[in-house]
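Student: Fold the following and give me the result.
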Amino acid sequence: MIFECTATALNLRKAAEGSIIGELRAGDLFELDVKKSAEVWVAGTVKTGVSAGKKGFLRRKWLIQYFPDTASISKLDRKKAANIIAQRTSEFDAVTYKLGDKAKTWKDLTKNQHIDCSGWIYLLTKEILAEYGLQTSPGILDTYSDEQITNIGIKTETIISGRFVSEDNLKAGVLLGIDFSEYSWDRGRPLDIDHIVAIGEDSQGLFVSQSSSSGGGVNRVSLAKWMKSNKSLVDQGRVHLVDILMLS
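Tutor: Numbering: from 1, shown residues only. Below is the predicted model:
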């Protein structure tokens, strides 16, 4: 699979954290095994630029998946996914945020009344996958935000980031993983993702559903407003999109 460098200058190393043997610049392409793409340091071959032909290791967080044409998502009808996200977001808008709390069922959440962002996504995706009859290993989703994105990305072979994010793939049922900043608790993650949200849709249009400490718990924000607020992160390749309806 081909990836594109997003850093102004990115060192190519002989081994993970090893000696420097080359350099990639923004837009240079790098080929690696998709099954190894969820590692902090990834090994592969430089395809373009001043170090073309060299093999080595790069930090995964500075790479986004390259698409020769437009990136695409599942063509399945999204009404059921949209309804689930809208209904659950409304139902649990009063719960509070608690980092590390991952209710396993809606009944647990009703009782506990607090959850974190990846726990919220786990409950939503589990219900959506069941509704569509899609099967996947529970461990793919029952984990933290960065791994939810990378696990789905390996399974579907599609993570859409940076300049490849477009209106055509911002639909109900997709997940967005965001690298807002460097936190002590997210160090060493392949994509440095520290927050994850789902896109839903109702009569008011597309919206982001999330469990957020800044929002006091589960809340919704119009997608247009959310994208405007996070435009710089999208442009930098720090927002990563996966489609759960591509899982099988």
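Student: burial of residue 94, as a residue count?
Tutor: Using other C-beta atoms under 10 Å, residue 94 has 9 other residues around it. For the C-beta atoms, the positions are set from N, CA and C on the backbone; glycine is no exception.
Student: Remind me which helix or strand it belongs to.
Tutor: Using DSSP states H and E, residue 94 sits in no helix or strand.
Student: can you list contacts of the helix or strand of the chain with the lowest mean pLDDT?
Tutor: Here the helix or strand of the chain ranked lowest by mean pLDDT, DSSP states H and E is helix 138-141, holding a mean of 84. With C-beta atoms under 8 Å, 6 or more residues apart in numbering as the test, helix 138-141 has contacts from 121-122, 125-126, 148, 151-152, 155, 247.
Student: Contact partners for the residue lying closest to residue 227 once chain neighbours are set aside?
Tutor: Spatial nearest neighbour of residue 227, excluding adjacent residues (C-beta to C-beta, 6 or more residues apart in numbering): residue 234 at 7.0 Å. Counting by C-beta under 8 Å, 6+ apart, residue 234 makes contact with 162, 165, 227.
Student: before we move on, the earlier item: would you format the contacts of helix 138-141 as TSV with pLDDT included?
Tutor: Converted to TSV, the contacts of helix 138-141 look like this (pLDDT from 0 to 100):
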residue	pLDDT
121	96
122	95
125	95
126	94
148	96
151	95
152	96
155	93
247	92
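Student: Would you mark the buried spots in whichever helix in the chain runs longest?
Tutor: Counting residues, the longest helix found in the chain (DSSP state H) is helix 117-132. Buried residues in helix 117-132, counted by 16 or more other C-beta atoms under 10 Å: 117-129, 132.
Student: okay, the residues you listed in JSON lines with distance to residue 65 next?
Tutor: Shown next, in JSON lines, are the buried residues of helix 117-132 (distance: C-beta to C-beta, whole Å):
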{"residue": "117", "distance to residue 65": "23"}
{"residue": "118", "distance to residue 65": "21"}
{"residue": "119", "distance to residue 65": "26"}
{"residue": "120", "distance to residue 65": "25"}
{"residue": "121", "distance to residue 65": "20"}
{"residue": "122", "distance to residue 65": "24"}
{"residue": "123", "distance to residue 65": "27"}
{"residue": "124", "distance to residue 65": "24"}
{"residue": "125", "distance to residue 65": "20"}
{"residue": "126", "distance to residue 65": "25"}
{"residue": "127", "distance to residue 65": "27"}
{"residue": "128", "distance to residue 65": "23"}
{"residue": "129", "distance to residue 65": "22"}
{"residue": "132", "distance to residue 65": "24"}
